[in-house]
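Novice: fold the following.
(one chain, ligands or ions: 1)
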Amino acid sequence: MSEVSAQAQRRRTFAIISHPDAGKTTLTEKLLLFGGAIQMAGSVKGRKAARHATSDWMKLEQERGISVTSSVMQFPYRDHVVNLLDTPGHADFGEDTYRVLTAVDSALMVIDVAKGVEERTIKLMEVCRLRDTPIMTFINKLDREGKEPIELLDEVESVLGIQCAPLTWPIGMGKRLKGVVHLLSGEVHLYEPGRNFTRQDSTIFPSIDSPGLEERIGAQALADLRDELELVQGASHPFDLERYLAGELTPVFFGSAVNNFGVQLLLDFFVKHAPSPGPRETTGREVAPTEDKLTGFVFKIQANMDPQHRDRVAFMRVCSGRFQAGMKAFHVRSGKDMKLANALTFMASDREIAESAWPGDVIGIHNHGTISIGDTFTEGEKLAFTGIPNFAPELFRRARLRDPLKLKQLQKGLAQLSEEGATQFFKPLLGNDLILGAVGVLQFDVVAYRLKAEYGVDAIFEQVSVATARWIHCDDEKKLEEFRDRNAANLAIDGAGELVYLAPTRVNLQLAQERAPGVEFRATREHA
Ligand code: GDP
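Specialist: Residues are numbered from 1 along each chain as shown. Below is the predicted model of the structure:
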């Protein structure tokens, strides 16, 4: 086997999808702990605490070191190399969060046992659907009272439309929590609060029939468990690797992240079954991870908020071949070679200068604005990865200038910030408005700040009555023209020159779609 193949097969590149407060940060810390990256585990918490302590996001952004480092956390586990890509949540939720999901090979969904499937999880799951990303599920906070486990599986199946295959099953919950049963091995792992903090070292019984178990958990709990397991077997789906890999079925684990309980069972199963990097589509051909030559695409750009240092870090996911420090790579969009000097890798212990990176890894490339979201790098071949789209914004603002003479700068700034993925912008066919679109509200603050700091433009963002946007596509020229004429009042051109329908309400969007058969309304737009 070539070294590229061997390294690619070891990689597990994933992201966590969850609603705020479900336990993503806590679980991340525990995973890093198993990876031996204990130092980092502390700093994840530090970052979170800082975020809660201040409403001044600028300060946080200026601590660029921290936020860049925790964007990607790489740690070894058993024979594998795990790359955990951060999905910004809470206030920093935005289009970046969605785009991270285009750069992973699988996802881990964290659900709060008491709250069940929440709104943001539903949205993130929709994004995973676009590529049929395989999903594992961790039902968290079992040390608290919550919904019945069976009920939760039902909820996941009906709300998210994915079948559940429980891999562990809880014995009690809240104060009555005794442990979990592993449904494949039959092992019983006892919950012993206080013992699991550093490592998974709880007492393990080989099966529910093991002598001594009843004594530990009580006759009633054991009898209840037997009944429940019978029920579960009838009511749920068995684990099926292929259906998991196709994104049709999710293995489900129960546990308590804060008590580090049930986490190792999840991680062991994850490294064994979660997919390593697979082939990826491009405009020309499919690229296999095992190919010798380096390819990769940019899915995120982080700007330095300090006006004195206008450098940016472009996050590139390696898709094939080997990246080596200092190598030159072909930047397909500009048609130029670029030296990838001082590229960053993301070992969880510290951010370091990359020596080499392999398929599934992420490197950070310093640049001054030449690199855009969706850009492809190769060793000379002209191809472009697809599937790194813009997502229909859900929030809109009208940009108004305090100084009307700065219109040119405003347009230039917005064009560039939209290439970087900080915002999207739209020019309605009628009138002179400039409308910004975003997925998270923080994106507008970032844009306002950067317009001022980098382009000297003082802009105010006002509410505007747009509810959602769809990219319009129609092969029939005549039909498209007719559609344009009829709907001019709701149409706009985006930063890339594409036609977009800006719907004042969801109902309006539905009506417009019904009235225009043969015209496609797309919720994502591929980069040109
Ligand atoms: P995030 O917003 O998804 O990153 O959530 P956090 O990891 O910050 O967790 C949110 C809150 O839930 C914090 O106060 C955690 O201490 C708490 N938490 C996380 N896991 C558990 C758990 O297993 N049990 C309990 N009782 N609380 C938990």
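
Novice: show me where the stretch 351-500 of the chain has its strands.
Specialist: 356-357, 362-367, 376-378, 390-391, 395-401, 424-428, 435-438, 459-463, 468-473, 491-494, 499-503 (DSSP state E, counting those that start in this stretch).

Novice: note down every partner strand of the first one and its orientation.
Specialist: Put plainly, it is strand 356-357. Counting by DSSP bridges, the strands paired with strand 356-357 are strand 323-324 (antiparallel).

Novice: list the contacts of the next helix or strand after the partner strand.
Specialist: Later in the chain than strand 323-324, the nearest helix or strand by DSSP states H and E is strand 328-331. For strand 328-331, the external contacting residues (CB atoms under 8 Å, 6 or more residues apart in numbering) are 294, 323, 336-340, 370-371, 375, 377-381. Every residue, glycine included, has its C-beta placed from N, CA and C.

Novice: now swap in stretch 415-434 and tell me
Specialist: 95-96, 99, 300-301, 303, 312, 369, 372-373, 390, 393, 398-399, 410-411, 414, 435-438, 443-444, 446-447, 450-451, 464, 469, 484, 488-489, 491-496, 500, 502.

Novice: that one spans what distance, first to last residue?
Specialist: 11 Å (CA to CA, to the nearest Å).

Novice: quick one: mean pLDDT for it?
Specialist: Mean pLDDT, computed over stretch 415-434, is 93.

Novice: list the buried ones in that stretch?
Specialist: With burial defined by 16 or more other CB atoms under 10 Å, the residues of stretch 415-434 counted as buried are 416-429, 434.

Novice: with stretch 375-395 instead?
Specialist: 375-379, 383-395.

Novice: flag the least confident of the contacts of strand 328-331.
Specialist: L340 (87).

Novice: next one, pLDDT for I460 please.
Specialist: For I460, the model assigns a pLDDT of 92.

Novice: same check on L32?
Specialist: So L32 comes in at 88 (pLDDT).

Novice: which helices and strands sit right next to the helix or strand encompassing it?
Specialist: Per DSSP H and E: L32 is located in helix 24-34. Other helices and strands packing on helix 24-34, by 3 or more CB pairs under 8 Å, 6 or more residues apart in numbering; DSSP states H and E, are strand 11-18, helix 38-53, strand 72-77, strand 80-85, strand 106-112, strand 135-140, helix 263-273.

Novice: any idea how far the first one is from the chain center?
Specialist: On the basis of CA atoms, centre = their mean, to the nearest Å, strand 11-18 is displaced by 7 Å from the centre of the chain it belongs to.

Novice: next, the buried residues of that strand.
Specialist: By neighbour count on 16+ other CB under 10 Å, the buried set for strand 11-18 is R11, R12, T13, F14, A15, I16, I17, S18.

Novice: the last one touches G89, doesn't it?
Specialist: Read that as S18. Yes - at 7.2 Å, S18 counts as touching G89 under the criterion of CB atoms under 8 Å.

Novice: what sits in contact with each of the two?
Specialist: Taking CB under 8 Å, 6+ apart as the contact rule, the neighbours common to S18 and G89 are K24, R120.

Novice: re the thing from before, quick one: the helix holding L32 to strand 11-18, angle?
Specialist: With axes from the mean of the first three to the mean of the last three CA atoms, to 10 degrees defining the directions, helix 24-34 sits at 150 degrees from strand 11-18.

Novice: tell me if helix 24-34 is near the ligand.
Specialist: Yes - Helix 24-34 reaches the ligand (CB under 6 Å from any ligand atom) through K24, T25, T26.

Novice: so who does whichever residue of the stretch 301-450 of the chain sits closest to the ligand touch?
Specialist: In the stretch 301-450 of the chain, no residue comes nearer to the ligand than G440, which is 14.6 Å away by CB to the nearest ligand atom. By CB under 8 Å, 6+ apart, the contact list for G440 reads P88, A91, D92, F93, G94, E95, T97, L395.

Novice: and the fourth one, what is it in contact with?
Specialist: Remark: with contacts taken as CB under 8 Å, 6+ apart, F93 is in contact with R120, V439, G440, L442.

Novice: from the ligand, how far out is it?
Specialist: To the ligand, F93 is 11 Å away according to CB to the nearest ligand atom, to the nearest Å.

Novice: the fifth one too?
Specialist: Applying CB to the nearest ligand atom, the value for G94 to the ligand is 16 Å.

Novice: I'd guessed that residue sits against F444; true?
Specialist: No - G94 is not in contact with F444 according to CB under 8 Å; the separation is 9.7 Å.

Novice: can you work out which residues contact both of these two?
Specialist: In contact with both G94 and F444: A438, using CB under 8 Å, 6+ apart.

Novice: the two: which is more packed in?
Specialist: G94 (23 against 20; other CB atoms under 10 Å).

Novice: state the distance from the more buried one to E394.
Specialist: Taking CB to CB, to the nearest Å as the measure, G94 and E394 are separated by 10 Å.

Novice: now list whatever residues contact both of those two.
Specialist: The contact sets of G94 and E394 overlap at A438, V439 (CB under 8 Å, 6+ apart).

Novice: show me what from the stretch 151-300 of the chain comes close to the ligand.
Specialist: Taking CB under 6 Å from any ligand atom as the contact definition, the stretch 151-300 of the chain meets the ligand at S256, A257, V258, N259.

Novice: contacting residues for the residue nearest to Y455 when sequence neighbours are not counted?
Specialist: Among residues not flanking Y455 along the chain, G413 sits closest, at 3.8 Å (CB to CB, 6 or more residues apart in numbering). By CB under 8 Å, 6+ apart, G413 lies in contact with R450, L451, E454, Y455, V457.

Novice: neighbour-wise, which one of those leads?
Specialist: Most neighbours among the contacts of G413, by other CB under 10 Å: L451, with 25 neighbours.

Novice: who's in contact with K412?
Specialist: K412 neighbours (CB under 8 Å, 6+ apart): Y455.

Novice: can you tell me how far it sits from F396?
Specialist: Per CB to CB, K412 is found 21 Å from F396.

Novice: quick one: end-to-end length of stretch 488-504, please.
Specialist: Length of stretch 488-504, first residue to last, CA to CA: 13 Å.

Novice: in that stretch, what counts as buried?
Specialist: Judged by neighbour count using 16+ other CB under 10 Å, the buried positions of stretch 488-504 are N490, L491, A492, D494, G495, A496, E498, L499, V500, Y501, L502, A503.

Novice: pretty sure V313 contacts V362?
Specialist: No - between V313 and V362 there is no contact under CB under 8 Å: 10.7 Å.

Novice: those two - which one has more neighbours?
Specialist: The residue with more neighbours, out of V313 and V362, is V362; 26 against 21, by other CB under 10 Å.
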